[in-house]
Structure formats: structure tokens, C-alpha cells
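A.B. asks: Below is the sequence, then the predicted model.
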Amino acid sequence: MATHLVYRLTNRGPKCTIKQVSERRPTPDKHEVLVKIHAVSLNYRDIVIANGTWPFPAKDNLIPCSDSAGKVVAIGSDVEGFAIGDKVVAAFDVATLYGPLKDWNHGHGGPIDGVLREYAAFPASVLVKIPSESKLGFPQLSTLVCTGVTAWNALYGNIPLKPGQTVLFQGTGGLSITGLILAKAAEATTIITSSSSAKLALVKSKYGVDHTINYKTTRNWAAKVNKITNNNGVVFILENGGSGTIKQSLECITAGGIISVIGFLSPAKQKDMPDVAGLALAKGVVVRGITVGNRNMLKDLVRFVAARGLERPVDKTFGFEQAEVEAAYEYLKSGKHVGKVCISLE
């Protein structure tokens with residue numbers, strides 16, 4: 001019996017336990033494709049699922065993580081369009097090929113087993129082939145799945161971003177840096193915030209962001225954004241803070257702009273909750289909740305990244321050994337990263 005190595009969250013909560021085990025290697029059914037996983041990308045979601053604070057469904061004894069890239073090693077009898085050796089990524093949600101996610105019950109690494117393992121059998125319908133001209137390595141490719149699609153959805157899922165428009169990104173994590181790269185490729189003007197001047201300097205030198213704001217030293221960062229934009233405001237905001245930052249986001253969004261609510265890193269106390277409905281109405285803005293995106297968005301993103309030859313923002317890559325996987329989780333939790341944290345199985 002062929003086996004492979006798998007990581008499982010044997011205990012979720014403040015003292016979570018992730019354990020490497022040997023299990024039977026999956027075999028694809030007639031509608032599935034077996035993929036040898038070469039790299040996995042971590043997300044903040046993986047941290048909150050592990051520590052038990054994720055507010056949506058997550059199964060017990062879970063194989064964690066939703067984002068991977070690998071090669072096709074076996075193909076089900078009824079599958080067409082794939083060949084042995086194809087590089088592929090799998091969509092975040094197995095039930096959503098088009099349109100919005102209808103629930104949180106079908107996402108890898110939460111309600112269903114994820115990708116932190118050597119082999120995975122995926123429904124062929126959720127896979128996207130990587131174009132042969134792409135020069136990206138597997139860690140970079142793995143970052144396209146959740147972070148990449150979320151940023152793509154924020155910029156193109158409603159009214160598409162146009163050249164010359166201005167986009168604000170909150171923080172210097174993987175999502176913001178991914179969105180920054182996409183926005184720069186679309187010839188947009190970009191602004192990014194952080195509490196670390198060192199991180200802002202790095203993002204400026206490495207990714208070419210147009211404007212930076214340290215929100216720790218500039219408490220009223222919305223006023224600074226309005227000054228940068230000559231009081232026109234920004235057209236798009238990738239809102240990672242949530243209730244604690246959305247008031248200032250509404251103060252610096254342009255009339256008719258789009259705020260994509262993605263994270264909840266900075267929750268407000270109940271007494272400090274802003275009147276989002278009133279503020280949104282006053283400016284006629286769109287406040288969108290972003291729940292990753294569908295397989296078709298992943299396909300569009302892969303094509304765009306390959307056609308433009310865009311790099312992916314991998315900050316650090318760890319190994320697949322037990323100590324390395326635990327270190328990857330701790331590094332992401334520390335907040336020291338600028339970009340994505342990955343695990344390589346090669």
C-alpha cells in the first residue's frame with residue numbers, strides 16, 4: 001500500500017497541535033486528478049482555524065491549509081484536458097466554479113480537508129493549469145489560490161480597476177502586497193499603510209508602491225490619504241482591519257468608490273462602532289464583503305499573472321519537516337512577514 005505524509009490538526013484551540021502522520025496515498029476516482037503537492041502557502045485563516053477563533057465551520061482532525069501548487073501524477077478515466085506533468089493549482093472552494101461563494105462549507109482546510117500533505121485528489125473541475133510560459137516556482141504559484149483570488153476579486157469582481165485610479169491597501173501582509181502588484185500592473189496609483197516604517201521602506205524599494213503611510217505615527221491616516229489624492233479620495237480600498245478601521249476608510253473613499261471588506265484584524269469596541277450605513281449612503285459607496293472568489297476568477301488571475309510575467313510576493317519559505325511547519329505557523333503569527341509565508345515539499 002502506497003503511503004504519503006500528511007499534517008493534521010489533532011487539537012484546535014489556544015494549545016493547538018499539528019502532527020505529521022503517514023496515511024494511505026489517495027487514488028483518484030473517474031472524475032478526479034491526483035496531484036503531487038510541491039508547495040503550500042499559509043493564510044491568516046490557517047492561524048485562526050488552528051487557534052479555534054475561526055467563526056465558520058472547521059472539521060475535527062483537519063488537514064489544514066487551502067493554497068497549494070503541484071504537478072498532475074494520475075488522471076481519472078473520465079477526466080479530459082489534463083496531462084501527466086501539468087502544473088496546477090486548485091480553487092479554494094470546491095463547490096463554486098462561478099459566482100459568489102454561497103456558504104463556508106466547501107473550502108479546503110476548514111470544513112473539508114486541505115492541502116498540507118504530499119498528495120491530494122481533486123475534482124478536475126476545481127483545477128487550473130499553469131501556462132507553460134510561466135516562470136514562477138511552486139511556492140509563488142501556491143499564493144495565487146486564496147490571497148491572489150481575494151485581491152483579484154476586490155479589484156475586478158465588481159467594477160474593474162482602471163489605469164490611473166488610486167487604490168489603498170491596509171498593512172503589508174500577503175493580501176496587500178498581492179493587490180499592490182496587481183494594481184501596479186494595471187497602472188494604478190497605490191497607497192499602503194503599516195505601523196512599521198521599516199516595512200514601508202521595504203515595500204517602497206521592492207514593490208514600488210507610490211505612497212506610504214505609517215498609521216502609528218499618523219493616527220488620522222484618512223486625512224493623509226485625502227491630501228495625497230487632492231481631496232478626491234481613493235477609488236478602491238482593501239479593508240483588512242474591519243470595524244476598527246472602516247470609519248477612516250469611509251472618510252477617504254471617493255464618491256461611488258468601492259471598499260472591499262476582507263479582514264477583521266482590528267475590531268472596534270461596540271461603543272465605537274461607526275455608522276457604516278449612514279457613511280456609505282452619504283458618499284454612495286459600495287461596501288463589499290469579499291469571501292475569496294470562484295474558480296473562474298482563479299483562471300483569470302493565472303492568465304493575467306502569466307501574461308504579465310508578474311512575480312509573487314513570497315517573504316519566506318519553510319520545509320515540510322515537523323519543526324519547519326511549526327516554525328512557518330509561528331512566523332506568520334508573529335507578523336514579521338512582508339508578503340506570503342510558504343512551505344516547500346521539494
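C.D. replies: Sure thing, it's come through. Predicted model, so just to flag it, every value in this text is computed and none were measured.
A.B. asks: can we go C-alpha only for contacts and neighbour counts from here?
C.D. replies: OK.
A.B. asks: For the helix or strand harbouring residue 296, give the mean pLDDT please.
C.D. replies: In this assignment (DSSP states H and E), residue 296 forms part of helix 295-308. Averaged across helix 295-308, pLDDT comes to 97.
A.B. asks: what helices or strands is it leaning on?
C.D. replies: For helix 295-308, the elements it packs on are strand 127-129, helix 149-156, judged by 3 or more C-alpha pairs under 8 Å, 6 or more residues apart in numbering; DSSP states H and E.
A.B. asks: Can you give me the neighbour number for residue 11?
C.D. replies: Number of residues near residue 11 (other C-alpha atoms under 10 Å) recorded here: 17.
A.B. asks: Can you show me the helices along this protein?
C.D. replies: Ranges of helices in the chain, per DSSP state H, are 44-50, 138-142, 149-156, 174-185, 197-207, 221-228, 246-252, 276-283, 295-308, 322-334.
A.B. asks: What residues of the helix holding residue 296 count as buried?
C.D. replies: Applying a neighbour-count criterion of 16 or more other C-alpha atoms under 10 Å, one finds 295-299, 301-303, 305-306 buried in helix 295-308.
A.B. asks: just how off-centre is that helix within its chain?
C.D. replies: With C-alpha atoms, centre = their mean, to the nearest Å as the basis, helix 295-308 stands 14 Å off its chain's centre.
A.B. asks: Kindly report the same for stretch 99-118.
C.D. replies: Distance, stretch centre to chain centre, for stretch 99-118: 13 Å (C-alpha atoms, centre = their mean).
A.B. asks: Give me the contact list for that stretch.
C.D. replies: Counting by C-alpha atoms under 8 Å, 6 or more residues apart in numbering, the neighbours of stretch 99-118 from elsewhere in the structure are 4-7, 36-38, 40, 46, 49, 56-59, 62-68, 92-96, 291-294, 345.
A.B. asks: what's the answer for stretch 263-275, then?
C.D. replies: Everything outside stretch 263-275 that qualifies as a contact, by C-alpha under 8 Å, 6+ apart, is 239-247.
A.B. asks: and the two most separated of those residues?
C.D. replies: For these, with distances taken as C-alpha to C-alpha, the pair at the greatest spread is 240 and 247 (12.6 Å).
A.B. asks: who's more crowded, the two?
C.D. replies: Per other C-alpha under 10 Å, whichever of residue 240 and residue 247 has more neighbours is residue 240, with 22 against 18.
A.B. asks: Centre-most residue in this protein?
C.D. replies: For the chain, the residue whose C-alpha lies nearest the mean C-alpha position (C-alpha atoms, centre = their mean) is residue 147; its distance is 1.4 Å.
A.B. asks: Tell me the buried residues in stretch 149-165?
C.D. replies: By neighbour count, and taking 16+ other C-alpha under 10 Å as the criterion, the buried residues in stretch 149-165 are 149-155, 157, 161.
A.B. asks: For the residue nearest to the centre of the chain, which non-adjacent residue is spatially closest?
C.D. replies: The shortest distance from residue 147 to any residue that is not its chain neighbour, by C-alpha to C-alpha, 6 or more residues apart in numbering, is 5.2 Å, and that residue is residue 175.
A.B. asks: Quick check: residue 156 vs residue 238, distance?
C.D. replies: Applying C-alpha to C-alpha, to the nearest Å, the value for residue 156 to residue 238 is 12 Å.
A.B. asks: Give me the subset of the contacts of stretch 99-118 that lies in strands.
C.D. replies: In strands, defined here by DSSP state E, the members of the contacts of stretch 99-118 are 4-7, 36-38, 40, 67-68.
A.B. asks: Ranking helices and strands of this structure by mean pLDDT, which lands last?
C.D. replies: None of the helices or strands of the chain scores lower by mean pLDDT, DSSP states H and E than helix 276-283, at a mean of 90.
A.B. asks: Contacts only, for residue 261.
C.D. replies: 238-240, 242, 287-290.
A.B. asks: Mark which of those are part of strands, please.
C.D. replies: 238-239, 287-289.
A.B. asks: Pick out whichever of the residues you listed sits closest to residue 78.
C.D. replies: The closest of these to residue 78 turns out to be residue 289 (C-alpha to C-alpha; 36.9 Å).
A.B. asks: Number of residues surrounding that closest one?
C.D. replies: Residues near residue 289, counting by other C-alpha under 10 Å, number 13.
A.B. asks: Tell me where the model's unsure across this structure.
C.D. replies: Within the chain, the ranges that satisfy pLDDT under 70 run 265-266, 268.
A.B. asks: residues in contact with the spatially most distant residue from the centre of it?
C.D. replies: Among the C-alpha atoms of the chain, the one farthest from their average position, using C-alpha atoms, centre = their mean, is that of residue 1, at 35.6 Å. Listed by C-alpha under 8 Å, 6+ apart, the contact set of residue 1 reads 24-25.
A.B. asks: same check, this time on the one 3 residues further on
C.D. replies: Under the criterion of C-alpha under 8 Å, 6+ apart, the contact partners of residue 4 comprise 22-25, 117-119.
A.B. asks: swap in residue 168?
C.D. replies: Neighbour list for residue 168: 190-193, 234, 236-238 [criterion: C-alpha under 8 Å, 6+ apart].
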